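Colleague: Okay, predicted coordinates and the sequence, questions at the end:
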There are 2 protein chains.
Amino acid sequence: MSLKTVICVLWAVCVGHTEGIQHGPNIIIMLMDDMGWGDLGVFGEPSKETPNLDVMAAQGMLFPNFYTANPLCSPSRAALLTGRLPVRNGFYTTNAHARNAYTPQEIVGGISQDEILLPELLKKKDYVSKIIGKWYYEEFEINVKTGESNLTQIYLKEGLDFISQQATAQRPFFLYWAPDATHSPVYASERFLGKSQRGRYGDAVMELDDSIGQILAHLVSLGIHNNTLVFFTSDNGAAVMSGAHQSGSNGPFLCGKETTFEGGMREPAIAWWPGRIPAGTVSYQLASVMDLFSTSLSVTGVLPPDDRVIDGLDLSPVLFNNSLLDRPIFYYRGNQMMAVRIGQYKVHYWTWSNSWEEYNTGINFCPGQEVPGVTTHTQEEHTMQPLIFHLGQDPGERYPISVQSEEYRDVHRQVTAVVEQHQKDLIPGMPQLNMCDLAVMNWSPPGCELLGKCLKAPESNPWKCVWPH
Amino acid sequence: MSLKTVICVLWAVCVGHTEGIQHGPNIIIMLMDDMGWGDLGVFGEPSKETPNLDVMAAQGMLFPNFYTANPLCSPSRAALLTGRLPVRNGFYTTNAHARNAYTPQEIVGGISQDEILLPELLKKKDYVSKIIGKWYYEEFEINVKTGESNLTQIYLKEGLDFISQQATAQRPFFLYWAPDATHSPVYASERFLGKSQRGRYGDAVMELDDSIGQILAHLVSLGIHNNTLVFFTSDNGAAVMSGAHQSGSNGPFLCGKETTFEGGMREPAIAWWPGRIPAGTVSYQLASVMDLFSTSLSVTGVLPPDDRVIDGLDLSPVLFNNSLLDRPIFYYRGNQMMAVRIGQYKVHYWTWSNSWEEYNTGINFCPGQEVPGVTTHTQEEHTMQPLIFHLGQDPGERYPISVQSEEYRDVHRQVTAVVEQHQKDLIPGMPQLNMCDLAVMNWSPPGCELLGKCLKAPESNPWKCVWPH
């Protein structure tokens, strides 16, 4: 090859590249379902079956202190899309104190019409948005006995095709890629079934990891990797109540999904943007899924709504300059603020794992991890004398700091000011999930005639939703 | 019962009690073998099979930041008895850089005659001392197939009898109770075999836990619990290279026995002294097995030797007033200072797990935990630019702090001063373990004639000891 040819090739690449960054950066949010902090090799999972995610972290920025906004999937996802705590965006109920909110099909309501979603805002800058995965109504077969399903492969193909199309059309895009293979019943396609050392759950993780590797490689092959922010995380902690082979690992953290202990709300998280985010960085920034809303707006140059409180933080200074921003993390269940983290300290105002009734049926949110007075089965109020943990000394939330210590008094004083400010500013949204009704279920989804699958809806007979936890 | 009788009973108890504290406090050190930080329920072990140790912690003080002086059993034990680092007391070799030192039977040497042991010092105050367990020459049968042995029961009975005898004679005592059931090949007696959810290793832990419960109950029943300091710990981290059912758990920490990562040197530790140590306390004091030497002298009113450096710290202010004392932890392998901890920071000057030769035979000191550039298989020197970890943010030693950060420079400067001081004061002891010789083995232990088991020693043919790691 002559020098001239080399120059031509380089020029072609450069032109392609230059054309690729004519528009604002693409955004890809990869949101896993019930995947735990401890499920990635880079976070210490011993089987080391996430080579692609581990490489993604080596090429990007790892967030060991990343949080969801709620320990349950749907309010967490509503928070991502709105940049707001569920208690503000209305994705909660007031039916029963501190109960979580989720969305069985009989629920009336969802995200309030008054909320502004991230793709709506990005549209102002001509972004093409697509959600692939969870939060569709769809019938899809999973062989519960064998755990086989090729759904992740379909999600992968949909994602790759969407990316190709936008790259070809040179349109900026927002892809919200939300596979659910790690939610019980966990599943994997034939090629991955039985391949993991961690059982069926591990098979699902391996397939997701492989898919993520393919998506990143696709961005590189299209030459748009230097103009695409990819963020990987999960909606809530591993569902440890589902048992060993149907759930993941929360690493050293207490309990899991549905609780406001660290295992319920600390998430694996990686940001990737070659050339912009310094490779191989670890940021201890306290960050939240709601920050993905604010950060996406910031990097695309869209102004956030100014008529409402946004809980998300613009992480650009963290991503691009490795700054550390001071901010609290609030841990909610339903409309109840259960705990707050400031710095290394976590302050529990309320504790609860699940009810005795549920626990006595064998459902344990903290298997092998019960801490007396902490993982309580009644809703315990500690507002007058909160439980305080130092997560640096005690990541497992096992040893409350003595209430007689100076450290306790200092932290209590500091956090009280933060909480008072938060509560002063808080205008709870209208709760959207109080009512359930079998008639609202999707009895006749579009296309049902063609499939001969239309069903007749029953008469409307609404009732107050009641969650078991 | 009349009031008079009640008063009589109380008086009798009080007299007994008063008589019990005529002399200085008894000391019991319970030293486990290869038990890991993560093996106790109170440290998060999920099977929760250490109810007695968990109660001991609830009645005493828990130390999550307790360290051994060496990640191998015999130098660690030599450090306990002398209050000095092995590099000072001579319990090391200079044959091969950074090699550990241990005591196979063919070794020439042991603790130097110039060293002063804890029981020698306590004798000045008429303490009766006894060691039960490891560091005897003894032939004892363990059925390696079934894992059955009643050795722990024998150690228990020896311990209880010794305590009874001293209590009856009203003599102050030092009991060094060092069972080895959790060292591979692990064993348990018939009553415990197969009882654990953790396999044979767990059976051994259950039996030790049960024995410890019996010893503490015995102190209470004799009325001497208010005059006895009991300290529970282990000699080094769990031997994770021995495989799942022959080794314990180091919780969230990296690697295990024989390494200077946290899994090799962080130990479970509980102090118990009803009425003196506040119940249910957690101390984050950086503490060391060598402190047991200094603390034992302090509480018994014996002055430490003033002609040599003692590395142990008197923990009395910690135990009785919950103070926090500033001090570094040094991590040695052989004569090599590998790492230093100050506060939450750990600074590695050298890294090494085990050699490639050994690793390639299938022996892995960090199974499932390899961290590139950290768990190295060559002896890597980092003295010019040490690896620094923040153990509060990163207890698993996975993410070295960026050398370009201000944090790195600050910590490096601070720790350099500490290390320079340490090295300036350091006069290495004469290495005692350089030579091996089959002729020094205990061919004819006392009593061998009676058993017809005397053997003839071979000719002396000494060689330089070489350790595989």
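Modeller: Sure, I can see it. Computed from a predicted structure; not experimentally measured.

Colleague: Can you tell me which residue is spatially central in chain A?
Modeller: Closest to where the C-alpha atoms of chain A average out (CA atoms, centre = their mean) is A:Asp235, at 2.6 Å.

Colleague: Provide a list of residues in contact with that one.
Modeller: When contacts are counted by CB atoms under 8 Å, 6 or more residues apart in numbering or on different chains, A:Asp235 touches A:31-34, A:68, A:73, A:76-77, A:267, A:289. For glycine as for every other residue, the C-beta is placed from the backbone atoms N, C-alpha and C.

Colleague: Let's see the pLDDT reported for it.
Modeller: pLDDT, A:Asp235: 98.

Colleague: now it: how far from A:Ile142?
Modeller: Separation of A:Asp235 from A:Ile142 (CB to CB, to the nearest Å) stands at 19 Å.

Colleague: Same question for A:Ala271.
Modeller: Separation of A:Ala271 from A:Ile142 (CB to CB): 31 Å.

Colleague: between the two, which one's more packed in?
Modeller: Neighbours per residue, other CB atoms under 10 Å in any protein chain shown: of A:Ala271 and A:Ile142, the larger number sits with A:Ala271, 26 against 16.

Colleague: Which element, helix or strand, includes that one?
Modeller: Secondary structure assignment for A:Ala271, by DSSP states H and E: strand A:270-272.

Colleague: Partner strands of the helix or strand following that strand, with direction?
Modeller: Along the chain past strand A:270-272, the next helix or strand (assigned with DSSP H and E) turns out to be strand A:281-282. Strand A:281-282 sits in its sheet next to strand A:61-62 (parallel), going by DSSP bridges.

Colleague: Could you list every helix and strand that the helix or strand following the strand it pairs with packs against?
Modeller: Using DSSP H and E, the helix or strand that follows strand A:61-62 towards the C-terminus is strand A:66-67. Strand A:66-67 sits against strand A:266-267, strand A:287-288, with contacts defined as 3 or more CB pairs under 8 Å, 6 or more residues apart in numbering or on different chains; DSSP states H and E.

Colleague: The first one near chain B at all?
Modeller: No: counting by CB under 8 Å from any CB of the partner chain, chain B is not contacted by strand A:266-267; separation bottoms out at 12.7 Å.

Colleague: Contact partners for A:Arg266?
Modeller: So A:Arg266 contacts A:37, A:65-67, A:237, A:250, A:253 (CB under 8 Å, 6+ apart).

Colleague: What residues are bridge-paired with it?
Modeller: A:Tyr67.

Colleague: For A:Cys255, see how far away it is.
Modeller: Applying CB to CB to A:Arg266 and A:Cys255 gives a distance of 11 Å.

Colleague: roughly how far apart are A:Gly343 and chain B?
Modeller: Noted for A:Gly343: a distance of 10 Å to chain B, by CB to the nearest CB, to the nearest Å.

Colleague: Could you do A:Phe320 as well?
Modeller: From A:Phe320 to chain B the distance is 15 Å (CB to the nearest CB).

Colleague: Enumerate the residues of chain A near chain B.
Modeller: Counting by CB under 8 Å from any CB, chain A comes close to chain B at A:42-48, A:62, A:64-65, A:251-252, A:281-282, A:284, A:322, A:344, A:367-370, A:390-396, A:398-399, A:402.

Colleague: Which members of these occur in strands, if any?
Modeller: A:62, A:281-282, A:390 (DSSP state E).

Colleague: For chain B, state which of the residues you listed is nearest.
Modeller: Lowest distance from chain B to those (CB to the nearest CB) belongs to A:Val282, with 4.2 Å.

Colleague: Now do A:Ile27: how many residues are near it, please.
Modeller: A:Ile27: 26 surrounding residues under other CB under 10 Å.

Colleague: show me the residues around it that make contact.
Modeller: Contacts of A:Ile27 (CB under 8 Å, 6+ apart): A:122, A:127, A:173-175, A:228-229, A:231, A:296, A:299-300.

Colleague: Same question for A:Gly392.
Modeller: When the contact criterion is CB under 8 Å, 6+ apart, the partners of A:Gly392 are A:344, B:344, B:391-393.

Colleague: Can you show me the helices along the stretch 101-250 of chain A?
Modeller: Ranges of helices in the stretch 101-250 of chain A, per DSSP state H, counting those that start in this stretch, are A:118-122, A:151-169, A:199-221.

Colleague: Tell me which of those helices sits most buried.
Modeller: Compared across the helices of the stretch 101-250 of chain A, helix A:199-221 shows the largest average neighbour count, a mean of 22 (mean count of other CB atoms under 10 Å in any protein chain shown).
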